[in-house]
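Asks: here are the coordinates; sequence isn't available:
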């Protein structure tokens, strides 16, 4: 899956991006019935403003989950939300994957993708709230 992520990163670099105004620490979670079992995945990320899209993963996080493609799925999920959030799409961000966790039996790439999407929604919510607070400040 790394090749897909690299191709996506290369193609998205050509698209205009809004600047992320703040650094956001976020936890994305997914815990629901999916396909055949109750699945659980959690990702902890830090999203920072950057000049280009950059993804930083810690090898210990990948070893903990045992498969790099699960972390890639979470990143794709996050980018699903950030990249397609309308006129304020955020492509130029630095994504630091700090930690990840899952149910040792019931987890899948889709569970991680949904956890990444949850993280993306929380980032957008934080950006909206911080911009509203900035407008209200004297």
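Replies: Great, that's in hand. Note that this is a predicted model, so its numbers are computed, not measured.

Asks: mind listing what's buried in the longest strand along the chain?
Replies: Ordering each strand of the chain by length in residues (DSSP state E) puts strand 37-49 first. Neighbour counts over strand 37-49 (16 or more other C-beta atoms under 10 Å) mark 39-45, 47-48 as buried. Glycine gets a C-beta too; all of them are placed from N, C-alpha and C.

Asks: Stretch 81-99 now?
Replies: In stretch 81-99, counting by 16+ other C-beta under 10 Å, buried: 81-83, 85, 89-97.

Asks: Show residues contacting it.
Replies: Under the contact criterion C-beta atoms under 8 Å, 6 or more residues apart in numbering, stretch 81-99 has outside partners 12-13, 15-20, 25, 42-58, 61, 64, 71, 74-75, 78, 116-117, 119-121, 123-124, 127.

Asks: what bits of this structure have low per-residue confidence?
Replies: Applying pLDDT under 70 to the chain flags the ranges 1-2, 5, 8-9, 11-16, 34-35, 137-138.

Asks: That one: helices as residue ranges?
Replies: 2-12, 59-65, 68-83, 109-136 (DSSP state H).

Asks: Reformat the ones you listed as TSV; add distance to residue 101.
Replies: Converted to TSV, those look like this (distance: least, C-beta to C-beta, whole Å):
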stretch	distance to residue 101
helix 2-12	21
helix 59-65	8
helix 68-83	11
helix 109-136	10
